[in-house]
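Novice: sequence unknown, structure follows:
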């Protein structure tokens, strides 16, 4: 019975993955990092804060437009998906609330920086 389990492809894949993880752990603890695979560049550029903020605002705006369109379709009788319209409305509301919280945190941080005495 145990021989059947040992021959299982899932068990073999798990043991291979565990062996790779152990090898990587040993390399990392010894300070030896293997070279990057072909096609992977070492310089990873992070997106700017302004672009991430702009994407977030656009995403929230798109969610609000989707919610409005679904509500309009239900109101006009084009769609009977009231549940979907309400879910989209709630998603848009939560996304907008989160965006407002981020704005408030940024405002507080900006005020703190401005009020630092030199």
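Specialist: On my side now, so go ahead. Quantities reported herein were computed from a predicted structural model and do not represent experimental measurements. Residues are numbered from 1 along each chain as shown.

Novice: what comes up buried for stretch 64-83?
Specialist: 64, 67, 70, 71, 74 (16 or more other C-beta atoms under 10 Å). For every residue, glycine as well, the C-beta is placed using N, CA and C.

Novice: chain center to whichever helix in the chain runs longest: distance?
Specialist: Secondary structure of the chain per DSSP state H: the longest helix is helix 82-114. Relative to the centre of its chain, helix 82-114 is centred 16 Å away, using C-alpha atoms, centre = their mean, to the nearest Å.

Novice: same check on stretch 47-57?
Specialist: 14 Å.

Novice: likewise for stretch 108-118?
Specialist: So, by C-alpha atoms, centre = their mean, the centroid of stretch 108-118 is 30 Å from its chain's centroid.

Novice: if we can go back for a sec, among the buried residues of stretch 64-83, which lie within helices?
Specialist: Using DSSP H, the buried residues of stretch 64-83 in helices are 64, 67, 70, 71, 74.

Novice: as TSV, those residues with pLDDT and distance to residue 116 would be great.
Specialist: TSV is the format used below for these (pLDDT from 0 to 100; distance: C-beta to C-beta, whole Å):
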residue	pLDDT	distance to residue 116
64	96	36
67	96	41
70	95	47
71	95	46
74	94	51
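
Novice: would you list the residues you listed in a markdown table and tack on distance to residue 47?
Specialist: Below are those laid out as a markdown table (distance: C-beta to C-beta, whole Å):
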| residue | distance to residue 47 |
| --- | --- |
| 64 | 23 |
| 67 | 27 |
| 70 | 30 |
| 71 | 33 |
| 74 | 37 |
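
Novice: among those, which one sits closest to residue 80?
Specialist: Using C-beta to C-beta, the shortest approach to residue 80 within those belongs to residue 74, at 7.2 Å.

Novice: number of residues surrounding the closest residue to the closest one other than its chain neighbours?
Specialist: In space, and not counting its chain neighbours, residue 74 is closest to residue 85: 4.8 Å by C-beta to C-beta, 6 or more residues apart in numbering. When neighbours are defined as other C-beta atoms under 10 Å, residue 85 has 21 of them.

Novice: fine by me, thanks again.
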